[in-house]
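> What shape does this take:
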Amino acid sequence: MVLRPQTITTEKVLTSFVSPSGERNCAMIGSAIWGNINTVTSITNLSDFVSYFGDDKTGTGVTGIKGADLFFRNGGTMKFVRIDDGDAAKSDYMGLNGVTDVISFEGKYKGTYGNNVVLTITANSSNRDIQITDGKILEIYNNNGTGYSTNDDIVTAINASSSLVIATVESGQGTSNLADVISETYLTGGDDGEDNLTNTDYTDAMDDLLLTEEYNFLLTPGKSEDAFHLLTVGKLDARAVSEKKYSRHITGIATDETIVTALARTSVGKRISVVAPNVKYTHRIDGTESVLDGSYLACAYCGMLCKSHSAISGTHKTVSVEGLNVLESSGKEYYSKTEQEQLLQSSILPIALIGNDIQCVRGVTRLSDTTNVFFDEVVVDIVDYVRKECEDYLNTTIGNPNTTERRSIWAARVDAVLANTQREEIIQEFLPSILTEGASVDTYIATISIKPAYAVNFIQFEININ
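Numbers count the residues shown, from 1 in each chain. As a prediction, the model looks like this:
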């Protein structure tokens, strides 16, 4: 304990030197201490996230900020959905006149961040001035220096511009019983609604909010259960069929999960990658060091993918994190090469120390057939990209005459789309597109043939000694 008075300074980094944008983006579902619930919000950097959804809190805290912190250390943009368990509540304070309730002050959003909001009501002659602050934003309401003479006027002024609170006049108290003067008083009672989140809270967000959104990757920090992954891959497969929206879930194994348990996972498919092991993390508020499960490491890995070209694989790419942890109980940090091979054989994406950098060993999906081209995650992304580009164009032809001449024109335009992806090195080559009339006269069949730009995984190096 230090008794000498002093200024204690803590630096919290809200930005990075990493380019924040790329060709791909993610959707993240998680909890937060502030901000809109069940709304899709576009975020371009960590400072934006903190501005919209608040920082962390002492203790276990909430999932969104940790995932966003790790994501933005590596680059990218995201669409964030804050969810709650139904128990989220706003912080509040009841302004009084004597013992009579006159004005209710509530945090603008549900969550514990509202407990940081301080309210001050001061006398201005017989009127009132209001000051509201969260320690960063300072809002002063003084009616151009004359103060407010009624509770109605106070509430109108606050609700017109406050980013911190919403005020409500109690019934019958608008023009009488002016609120009493109070010194700095905190709002209380905020609840983040993160204690009892269920799988359904996440899948409802996927169905109700993200179903038609454009995103390449789904992140769910804090959700590392195999049963949950089975649900998400099913949802993403169904979304690809019904909505023609293509994305993958990047997630991870549980804290301190052994290789034996990881290999026993049952989630399968090209629309999910499971990252291992866990990640070391320093809490943004209390400075404690902890180990977070693989779903948080997935956030960092996904940030790297989102800043990269669509045809760039995660294989042997550096992931910016403080460190890894295989087994916290033993202090083991990194997988051996033998363990990396074990994981890859069972379609788990390992991240390990390669040379002097923490890198993805090989970017793979959860396909059980390791000889399938979709075992490599980049092939999934390339084919999804080409499919989306072609489908977007072909949809513009619906409603037009189904004639030989028009189909010839449309085929040429599809080829132009493919030629552009070839120039971008997303595909290596393609054959001329073929559009023919279908079995029904109101249908045509469009066939394209492409060769993706497959990533290099192996090098056969020969040395001839003469």
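> Identify the residue nearest residue 428 in space, chain neighbours excluded?
Among residues not flanking residue 428 along the chain, residue 451 sits closest, at 4.6 Å (CB to CB, 6 or more residues apart in numbering). Bear in mind the C-beta positions are built from the backbone N, C-alpha and C, glycine included.
> The one you found: how many residues sit nearby?
Look at residue 451: counted by other CB atoms under 10 Å, it has 11 neighbours.
> My read is that it contacts residue 427, right?
Yes. Using CB atoms under 8 Å, residue 451 makes contact with residue 427 at a distance of 6.1 Å.
> pLDDT score for the closest residue to residue 76 other than its chain neighbours?
Spatial nearest neighbour of residue 76, chain neighbours left out: residue 306 (2.8 Å); criterion: CB to CB, 6+ apart. We have a pLDDT of 95 for residue 306.
> Distance check, residue 306 against residue 102.
50 Å (CB to CB, to the nearest Å).
> So the two - more neighbours on which side?
The neighbour count for residue 306 versus residue 102, taken as other CB under 10 Å, is higher for residue 306 (25 against 22).
> Would you report the backbone torsion angles of the more buried one?
Backbone torsions of residue 306, given as degrees, to the nearest 10, read phi -70, psi -20.
> how many neighbours does residue 234 have?
Counted with other CB under 10 Å, residue 234 comes out at 15.
> which SSE is it in?
Residue 234 belongs to helix 226-243 when assigned by DSSP states H and E.
> Now do the following helix or strand past that helix: distance to the chain's middle.
Sequence-wise, the next helix or strand downstream of helix 226-243 (DSSP H and E) is strand 248-252. Relative to its chain's centre, strand 248-252 lies at 11 Å (CA atoms, centre = their mean, to the nearest Å).
> same check, this time on stretch 411-421
Relative to the chain's own centre, stretch 411-421 is displaced by 33 Å; criterion: CA atoms, centre = their mean.
> try stretch 214-229
For stretch 214-229, the distance to the chain centre is 10 Å (CA atoms, centre = their mean).
> Which positions within that stretch qualify as buried?
Buried residues in stretch 214-229, counted by 16 or more other CB atoms under 10 Å: 215-226, 228-229.
> what does stretch 369-389 give?
Buried residues in stretch 369-389 (16+ other CB under 10 Å): 374-386, 389.
> just stretch 408-418 next, same as before
Applying 16+ other CB under 10 Å to stretch 408-418 flags 410, 411, 414, 415, 417, 418 as buried.
> And the next helix or strand past the helix or strand that contains the fifth one?
Using DSSP H and E, residue 417 sits within helix 404-423. Toward the C-terminal end, the helix or strand that comes next after helix 404-423 (DSSP H and E) is strand 427-437.
> and the angle for that next one with helix 404-423?
170 degrees (axes from the mean of the first three to the mean of the last three CA atoms, to 10 degrees).
> Give the pairing partners of strand 427-437; include direction for each.
Strand pairing for strand 427-437, determined by DSSP bridges: strand 444-452 (antiparallel).
> Return the residues in contact with the closest residue to residue 436 other than its chain neighbours.
Take residue 436 and drop its neighbours on the chain: the residue closest to it by CB to CB, 6+ apart is residue 445, 5.2 Å away. Shown in contact with residue 445 (CB atoms under 8 Å, 6 or more residues apart in numbering): 434, 435, 436, 437, 438.
> Who does the residue nearest to residue 428 form a beta bridge with?
residue 429.
> domain assignment for this protein?
Domains of the chain are assigned by automatic domain parsing as 26-85+195-360, 92-186, 373-452.
> wait, which of those is closest to residue 464?
domain 26-85+195-360 (26.8 Å; CB to CB).
> pLDDT (mean, whole number) over the helix holding residue 417?
96.
> just checking, what packs against that helix?
Applying 3 or more CB pairs under 8 Å, 6 or more residues apart in numbering; DSSP states H and E, we find helix 404-423 packed against helix 377-395, strand 427-437, strand 444-452.
> Show the secondary-structure elements that the longest one is packed against.
Counting contacts by 3+ CB pairs under 8 Å, 6+ apart, helix 377-395 is packed against strand 248-252, helix 404-423, strand 444-452.
> Averaged pLDDT, the first one. What do you get?
Taken as a whole, strand 248-252 carries a mean pLDDT of 98.
> repeat for stretch 36-50
Taken as a whole, stretch 36-50 has a mean pLDDT of 97.
> Endpoints of that stretch, how far apart?
13 Å (CA to CA, to the nearest Å).
> Give me the residues contacting it.
Applying CB under 8 Å, 6+ apart, the contact partners of stretch 36-50 are 13-16, 20-21, 27, 35, 52-53, 64-65, 68-69, 72, 77-84, 88, 109-110, 193, 205, 208-210, 213.
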